[in-house]
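Peer 1: model this:
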Amino acid sequence: MSREKKRMLVLSIALALGIGGVMPSYTFAAVEQAGSHFQIGQIVKGTVVENWGNEIIVKGDSGERYHVGLHTFTEEKIQAMNFSVGALVQIEGEVLESIADFYSFDYFVKNLPLGVTKDEIKKLELLYNEVMTLEKDELWEEAGELWVQINRITNPYYLANWEPEAFDVYISMFEYPFTANDLLQLEELYYQWVSLAKSGAEIESGVKLDQFFEIVNTYYVEPTFEEYIIDLGTTISKTDFPVIKKLYEDARQASSDGDDQLAMDKWEAFDSVMRPYYRAANPMPTFDEQMAYYDFEVSKENLSKLQKIYTGIIDLELNGKYDEVDSQWESFYSILEPYFSMNVNIPFRATQVIINGETFQR
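Peer 2: Numbering: from 1, shown residues only. The predicted structure follows:
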């Protein structure tokens, strides 16, 4: 389905395997072109329809949808705003060209770890602004090279501020009955990995982490076919049961033997035969439920067309005519496309928010 071009360019700091502190990775952020121009200092009044923490979607009283960035506010103020879907808000700020503009260098600096020097911040500003320009032009490879340079500056500080969990806390999330000997090996590898990672020895630390998970993975036992079906919550017919069970076990065996192509073929055959059972376990929503996903109104004429197509999709699914389903979904969304286009989110940077009678300023 053709939608207005979107891409991701959000500043991110990747969690290091779920361990307490944070480790840097790459940045990306959603970009949505507004396609129109508005004056700075605009006031938006409307209803919150989605809440993502430091970004919300507001349906304006005049019908427009705004993707509101709250990045100029502190986390404490954002939490105090206590946004909820359905809340009435009045927001003052400015319309931006794209959502990438939320992630200014000021926002980037706000998320830097402690210890970065003023000289390094100056270098980072030049690199970051150049990255933003390259990513807007979708020059991903060139931008990636600059992110490597940025990470070389920031990584040592992230590592210095990283406080990994104690081994006992980390290993408890696996819930496997490790032997005493394996626990000793795992603990040794864990702390070797932490030490090497904090020293910046990426390759050596990676080796230790691989060794760690080689031991952990020996404790994972794939469910039997019967256990898999129980978890799925469906009942297989007596005719299909032996056929599907054999495909499941053949696929597992091929994976165990390292025959990736055969395993892929077997899993594809398995999924194909299981499709009606997957659908039985996860029924399609009714037409009304499907249309409730969209927060715009469709004309009566188009609603009738959509309902006819949707009913046809359900019938095709029930009769196992899966090859025809995709083309029907394309027809379904081709009718909705103009409505999506008319409901593009307008990027909007907030500088003042009024909610529940309280005013918050950046």
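Peer 1: all helices of this protein, in order?
Peer 2: Here the chain has its helices, by DSSP state H, at 75-81, 105-110, 118-136, 140-161, 167-171, 180-198, 202-217, 225-232, 240-257, 260-281, 287-292, 300-318, 325-342.
Peer 1: And these: which comes nearest residue 61?
Peer 2: Among the helices of the chain, helix 325-342 comes nearest to residue 61, with 16.5 Å by Cβ to Cβ. C-beta here means a position set from N, CA and C on the backbone, and glycine is covered the same way.
Peer 1: circling back: nearest to residue 358, out of the helices of the chain?
Peer 2: helix 75-81 (8.0 Å).
Peer 1: out of the helices of the chain, which comes closest to residue 62?
Peer 2: helix 325-342 (13.0 Å).
Peer 1: C-alpha coordinates for that closest one, CSV please?
Peer 2: Extracted in CSV, the C-alpha atoms of helix 325-342 (Å, rounded to 0.1, in the frame of the first residue of the first chain):
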residue,chain,number,x,y,z
VAL,A,325,-6.4,-12.8,-0.3
ASP,A,326,-3.6,-10.4,-0.9
SER,A,327,-5.1,-8.9,-4.0
GLN,A,328,-8.4,-8.3,-2.1
TRP,A,329,-6.5,-6.5,0.7
GLU,A,330,-4.9,-4.3,-1.9
SER,A,331,-8.3,-3.4,-3.2
PHE,A,332,-9.4,-2.7,0.4
TYR,A,333,-6.6,-0.3,1.1
SER,A,334,-6.7,1.4,-2.3
ILE,A,335,-10.2,2.7,-1.2
LEU,A,336,-8.8,3.8,2.1
GLU,A,337,-5.6,5.4,0.6
PRO,A,338,-7.2,8.9,0.0
TYR,A,339,-8.4,8.9,3.6
PHE,A,340,-4.9,8.1,4.9
SER,A,341,-3.5,10.9,2.7
MET,A,342,-6.0,13.4,4.1
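Peer 1: In that helix, which residues are buried?
Peer 2: 328, 332, 335-336 (16 or more other Cβ atoms under 10 Å).
Peer 1: ok, now stretch 106-124?
Peer 2: Result for stretch 106-124 [16+ other Cβ under 10 Å]: buried residues 107-108, 112-113, 116, 124.
Peer 1: Return the member of these nearest to residue 313.
Peer 2: Checking these against residue 313 by Cβ to Cβ gives residue 107 as the nearest, at 42.8 Å.
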